[in-house]
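In: Next comes the sequence, and after it the predicted model I'd like to discuss.
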Amino acid sequence: MDILKRKEFARWQAGKKLSDTALCKAVQEMERGLIDADLGGHFYKKRVARPGAGKSGGYRTLLSARVGHRYVFLHGFPKSDRASITRDEKKALQYAGKVFLELSAKELMKALQAGVLLEVCCDEQNN
């Protein structure tokens with residue numbers, strides 16, 4: 001199973017001091033069927049808790065996923081900043097997510113080497 005994030009998402013994540021562990025937990029919840037919103041076309045909204053707080057005042061993440069196979073975190077925002085994204089943002093993120101989900105193993109390796117995508121570290125020893 002691949003858990004990945006866009007470079008832009010990683011920058012946002014670092015600024016919010018959101019750990020990879022929190023993203024891994026979100027993916028584990030999705031695998032158990034706990035999905036906050038299915039936005040269509042393998043595109044999902046998933047709530048993630050703010051460090052030291054709960055999900056209700058936390059972050060919203062948007063990701064593309066083939067549950068059980070590949071997850072790509074695309075965009076994140078604090079719930080307090082906005083309720084959702086615009087229709088145009090949704091279309092652009094859905095398109096990018098579709099591209100990332102369809103990458104072959106060779107293409108995925110190139111995207112990782114180029115820094116377009118980054119791996120989310122879900123090392124069990126760190127959880």
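Out: Perfect, thanks for sending it. Remember, it's a predicted structure, so these values are computed and weren't measured experimentally. Residues are numbered from 1 along each chain as shown.

In: And for Lys16, nearest residue in space, chain neighbours not counted?
Out: Tyr59 (6.7 Å; Cβ to Cβ, 6 or more residues apart in numbering). Glycine gets a C-beta too; all of them are placed from N, C-alpha and C.

In: How much space separates that neighbour from Lys106?
Out: Counting by Cβ to Cβ, to the nearest Å, the gap between Tyr59 and Lys106 amounts to 33 Å.

In: who's more crowded, the two?
Out: Tyr59 (23 against 8; other Cβ atoms under 10 Å).

In: The more buried one touches Pro78, doesn't it?
Out: Yes - here Tyr59 reaches Pro78: they are 5.7 Å apart, a contact under Cβ atoms under 8 Å.

In: mind checking the SS state of Asp81?
Out: Following DSSP: H, G, I helix; E, B strand; the rest coil, the label given to Asp81 is coil.

In: And for Gly76?
Out: Assignment for Gly76 (three-state DSSP): strand.

In: pretty sure it contacts Leu62?
Out: Yes - at 7.3 Å, Gly76 counts as touching Leu62 under the criterion of Cβ under 8 Å.

In: returning to that earlier point: tell me what the residue nearest to Lys16 is bridged to.
Out: Val48, Pro78 (DSSP bridges).

In: dump the residue contacts of it.
Out: Counting by Cβ atoms under 8 Å, 6 or more residues apart in numbering, Tyr59 touches Lys16, Leu18, Arg47, Val48, Ala49, Arg50, Gly76, Phe77, Pro78, Lys79.

In: What count of nearby residues applies to the last one?
Out: The reference is to Lys79. That count, for Lys79 with other Cβ under 10 Å as the rule, works out to 15.

In: Thanks a lot, catch you later.
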